[in-house]
Every structure is written in structure tokens, then in C-alpha cells.
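Peer 1: what's the 3D shape of this:
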Amino acid sequence: MDNINRVLCLVFLSSFLICQSSYSQSFSDEKKLYGRWILDKSKVINQIGGESSSKINRMNEKQYLDFEESLENRIFQFKDDKTFLAFWEFKSRPYNVNGKWEITSDGKLQLNVSGSSKLYEIKFTGNSIMLTPINSESGLLQKLFFKKIE
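Peer 2: Coordinates of the predicted model:
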């Protein structure tokens with residue numbers, strides 16, 4: 001009986017340490033995300049390939065300039081209360097989106113806006129992040145790059 005208790009204790013302790021490690025990493029990633037991030041337009045455009053590249057190559061000059069302009073000045077602010085604000089201007093018209101965010105237990109970024117949810121792989125590199133949409137077949141951008149500004 002003593003051996004069974006020791007084994008159960010070790011299993012419980014191992015499970016606790018694994019969960020604690022996962023929580024610590026998740027909390028660390030959350031803290032890294034706090035602040036204001038601006039879309040790195042040049043990195044986003046340079047990484048476009050495949051079908052998205054073909055679609056862009058078929059754009060006329062005005063469509064391409066509109067596409068480029070739509071990427072200008074996109075700022076995301078991630079707050080420690082798990083809310084975020086995204087804002088930008090396009091054709092002299094301001095846009096903004098409010099929502100909630102979380103880092104999931106498996107290290108993904110989940111954004112929730114008006115009952116809709118989007119999941120991203122997130123990779124931190126210094127003062128930059130790369131977001132890769134998960135299960136997203138639509139849209140021209142398969143990777144989003146941001147630089148921290150605050």
C-alpha cells in the first residue's frame with residue numbers, strides 16, 4: 001500500500017509540475033504581449049507567397065495601393081485585463097475593433113470579437129511578434145508581423 005501511495009504521490013506531483021510549467025510559460029507570454037504593437041507592413045508584404053501572391057499580382061495599380069494603404073498604421077493594444085483594441089485609418093476614415101484576448105493552455109493567441117473567435121500561432125522574437133492564423137483559408141495574409149511601440 002505504501003508503494004501505491006508513493007506512486008500516486010509522484011504522479012500527482014509530476015502532473016502539478018507540468019501544469020505549473022505550462023501556466024508559467026503562458027503567463028510569461030501574456031506579459032510579453034501587453035502594450036502597443038504596430039503592423040510591420042514591409043515584413044507582411046515580403047512574406048506573401050503562393051495563391052495570395054497571384055491574387056496581388058492580378059491587382060491593378062489602384063487596388064494594390066489601396067491594399068498597401070489598408071496595412072498602414074494598424075495598431076493593436078493588448079491590455080493586462082485581457083482586452084484589446086485594434087485601430088487604423090483607411091481612406092481618411094478611422095476604424096477600431098474592441099475585443100478580448102487570451103493565451104491558451106497550448107500557447108496560442110485567441111482573439112474574441114463580438115462572439116467570433118480567431119486563433120493564432122504566436123512567436124515572440126525580441127520586440128516583434130509573428131501571428132499565423134490557424135484554420136484560416138481566406139484572406140491574403142497568412143502571417144502578420146508586429147513591432148512593439150510601447
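Peer 1: Check this structure and tell me which residue is nearest its centre.
Peer 2: Nearest residue to the geometric centre of the chain (Cα atoms, centre = their mean): Leu131, 4.2 Å.
Peer 1: what sits against that one?
Peer 2: Leu109, Tyr120, Glu121, Ile122, Lys143, Leu144, Phe145, Phe146 (Cβ atoms under 8 Å, 6 or more residues apart in numbering). For the C-beta atoms, the positions are set from N, CA and C on the backbone; glycine is no exception.
Peer 1: tell me which element it is part of?
Peer 2: Leu131 is part of strand 128-133, with elements assigned from DSSP states H and E.
Peer 1: returning to that earlier point: I'd like to know how far the residue nearest to the centre of the chain sits from Tyr120.
Peer 2: To Tyr120, Leu131 is 4 Å away according to Cβ to Cβ, to the nearest Å.
Peer 1: Tell me how many other residues surround Trp37.
Peer 2: 24 (other Cβ atoms under 10 Å).
Peer 1: Just list whatever residues bridge to it.
Peer 2: Beta-bridge partners of Trp37, counted by DSSP bridges, are Phe76, Lys148.
Peer 1: Could you pull up the contacting residues of it?
Peer 2: With Cβ under 8 Å, 6+ apart, Trp37 has these contacts: Ile75, Phe76, Gln77, Phe78, Ile129, Phe146, Lys147, Lys148, Ile149.
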